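Colleague: One predicted model, sequence on top.
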Amino acid sequence: MKTNMTAKSGLALFAVCLIFLSGCKGNDANKVNSKSEGNSSAPQSAVASAASSEQEISQQASSFHNDPNGNVAQSEKAEPSYLDDAVFIGDSVTLKLKNYVTIKRKTNPGYFGKAQFLAAGSMGSGNALQPLKSNSIHPSYNGKKALLEDSVAAMGAKKVYIMLGANDIGLYGVNDSADNMAKLLAKISAKSPNAKLFVQSATPIIKEQQMTNLNNPNLAAYDKKLKDLCEQKGYYFIDVASVMRDKEGNLPREYCSDPNDLGIHFTDKACEVWIDYILTHAVK
């Protein structure tokens, strides 16, 4: 971390590390840690800052992909087969999407096309850059743990959707987290030069579960850096977070499956909103 921290903030950072290294579900100890430091509602000034950051993003003029807001433009809803050659990379938030899609495919095999997933609890761009080890967090492909860039190449994916950040910001801060994502995307692009890279914005937390470092203002600032990166490198920015925020910039309770724990994971309804956003922001 580049900022100076008090002893109390240091404890908060340690708590964040413990929480997100635990994966998708927090245990009782995680609940104690998350509520003992930085787990009260963010100050109103912080919420206002998040709203201001989001407004700045939406108002920034750009010709990026023919959208004045700098995002992939809304399109006519694509058929699920649009995702036949896609892979979705992410952490426990994306794991929820994978599980939701898997259940839907039991009665509708073509649901969400043939999209594949490379997701793992506690995954972040920071640990994705680390070497493979027996205890590393890299997800498996064909039963074998592998680097993300190697798995994507082995799949032959032509569309790569990636959402990472929640497990990075508490550890690395906003700037270094964005830098790590840039390095990871470069590795994926080098191994799969013909694939389109879709960078999804990190989604918010419910108001009550924000922490000292992992909070909605920082997530909004991180998303802005990702959008800027996409403009610079020619990637596609998919602003999923824009449909996952209430008027104060927080994750609505109806979209949150763990409001009394981490406050960041999705309900089925949120997954439906996410899928609709993906299919209505297609790039042909």
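Modeller: The structure has been received and is ready for your questions. Numbering: from 1, shown residues only.
Colleague: Run the chain-centre distance for the host helix or strand of residue 118.
Modeller: Residue 118 is located in strand 116-119, with elements delineated by DSSP states H and E. Relative to its parent chain, strand 116-119 has a centroid offset of 13 Å by C-alpha atoms, centre = their mean, to the nearest Å.
Colleague: Can you name the residues in contact with it?
Modeller: 86-92, 94-95, 97-98, 101, 139, 141, 148, 151-152, 155, 157 (C-beta atoms under 8 Å, 6 or more residues apart in numbering). The C-beta positions use only the backbone N, C-alpha and C, and glycine is treated the same way.
Colleague: same question, stretch 121-131
Modeller: With contact meaning C-beta under 8 Å, 6+ apart, stretch 121-131 is reached by 20-24, 89-92, 95, 136-139, 147-148, 164-168, 171-172, 177, 180-181, 183-184, 187.
Colleague: For it, buried residues please.
Modeller: Burial within stretch 121-131, assessed by neighbour count using 16 or more other C-beta atoms under 10 Å, is assigned to 121, 122, 123, 124, 125, 126, 127, 128.
Colleague: Next SSE downstream of whichever helix in the chain runs longest?
Modeller: With secondary structure taken from DSSP state H, the chain has its longest helix at helix 169-191. Counting by DSSP H and E, the element after helix 169-191 in chain order, helix or strand, is strand 196-200.
Colleague: That following strand vs helix 169-191, what angle?
Modeller: Orientation note: strand 196-200 sits at an angle of 170 degrees relative to helix 169-191 (axes from the mean of the first three to the mean of the last three C-alpha atoms, to 10 degrees).
Colleague: Which secondary structure elements does strand 196-200 sit against?
Modeller: Helices and strands touching strand 196-200, as assessed by 3 or more C-beta pairs under 8 Å, 6 or more residues apart in numbering; DSSP states H and E, comprise strand 159-163, helix 169-191, helix 216-233, strand 236-238.
Colleague: Output the below-cut-off pLDDT ranges for the stretch 51-200 of the chain.
Modeller: Across the stretch 51-200 of the chain, the ranges flagged by pLDDT under 70 are 51-70.
Colleague: one more time with 80, if that's ok
Modeller: Within the stretch 51-200 of the chain, the stretches falling below the threshold (pLDDT under 80) are 51-71.
Colleague: on that earlier part again, between the buried residues of stretch 121-131, which is closest to residue 239?
Modeller: Lowest distance from residue 239 to these (C-beta to C-beta) belongs to residue 125, with 18.2 Å.
Colleague: can you tell me how far the closest one sits from residue 186?
Modeller: Here residue 125 is placed at a distance of 11 Å from residue 186 (C-beta to C-beta, to the nearest Å).
Colleague: Can you pull the residues that touch both of these two?
Modeller: Counting by C-beta under 8 Å, 6+ apart, nothing touches both residue 125 and residue 186.
Colleague: and residue 165, what does it touch?
Modeller: 124, 125, 177, 181, 202, 219, 222, 223, 226.
Colleague: Report the separation between the first one and residue 151.
Modeller: Just to be clear, that refers to residue 124. With distances defined as C-beta to C-beta, the gap from residue 124 to residue 151 amounts to 16 Å.
Colleague: same question, residue 133
Modeller: 16 Å.
Colleague: Tell me which of the two has more neighbours.
Modeller: Shown here are residue 133 and residue 151; by other C-beta atoms under 10 Å, residue 151 has more neighbours (23 against 9).
Colleague: check which helix or strand covers the more buried one.
Modeller: Secondary-structure assignment from DSSP H and E places residue 151 in helix 148-155.
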